[in-house]
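predicted structure and sequence below. I'll ask about it afterward.
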Amino acid sequence: SSGINAEYGHIEWVWYRVRQAAVFKPWEYDPDTVSPDDIESIVTNLVRAELLSALGFTSVYHLEHKFVGCKEEDEGRLLVIDHVLFYGKKVFRTQEDHKEFTSIMVQLLEARFGVKVEFRLVLVFHQYKEHFLKMTEEGVELNIDIVEEEFEDER
């Protein structure tokens, strides 16, 4: 009969093939190495959580955000992260609110990654979304000055 026979060493061969096909487990990765996918996941989840905290659920409902990318500078001592927020109506009431949100994100990301972080939050009106995404796909340098120009006065 055909099949796996432990007596002839087939089990070792099958076990070898299973190990070759298996995916890495978290404990098999170097803990000091963070992949770009890990960074994207962490940044996206932190932005979502902080937006909910800062703006509340009803204000966040009309927002869409996307991780654009990151790069290491200064020999790995600085991580520059670009994230975009697409909005249909005003996100932050004042320029100060925008700066405070960015500052909170920098603190959270520096604590998480253990390096200095520059977090650039680009705000883009929904109707320009496709144009913006096309520019980033073509490798056009981000213009971080596309932030909201008119902030409502708190007073």
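Ah, there it is.

next secondary structure after the one helix or strand residue 15 maps to?
Using DSSP states H and E, residue 15 sits within helix 10-21. Counting by DSSP H and E, the next helix or strand C-terminal to helix 10-21 is helix 36-55.

how close does residue 38 get to residue 44?
11 Å (CB to CB, to the nearest Å). In this view, the C-beta of every residue, glycine as well, is placed from N, C-alpha and C.

helix, strand, or coil at the spatially closest residue to residue 72 that is not a sequence neighbour?
Closest residue in space to residue 72, ignoring its immediate chain neighbours: residue 79 at 5.9 Å, by CB to CB, 6 or more residues apart in numbering. Per DSSP: H, G, I helix; E, B strand; the rest coil, the secondary structure class of residue 79 is strand.

beta-bridge partners for residue 79, please?
Taking DSSP bridges as the rule, residue 79 bridges to residue 72, residue 117.

what's the spacing between it and residue 132?
Taking CB to CB, one finds residue 79 at 22 Å from residue 132.

what do you get for residue 105?
From residue 105 to residue 132 the distance is 20 Å (CB to CB).

mind listing what the residue nearest in space to the middle of the chain touches?
Ranked by distance to the mean C-alpha position of the chain (CA atoms, centre = their mean), the top residue is residue 40 at 2.7 Å. Applying CB atoms under 8 Å, 6 or more residues apart in numbering to residue 40 gives the contacts 67, 70.

and with 6 Å instead?
residue 67 (CB atoms under 6 Å, 6 or more residues apart in numbering).

state the number of residues packed around the residue nearest to residue 52 when sequence neighbours are not counted.
Spatial nearest neighbour of residue 52, excluding adjacent residues (CB to CB, 6+ apart): residue 60 at 5.5 Å. When neighbours are defined as other CB atoms under 10 Å, residue 60 has 17 of them.

and for residue 82?
19.

ok but it is inside a strand, no?
Yes: counting by three-state DSSP, residue 82 falls inside a strand.
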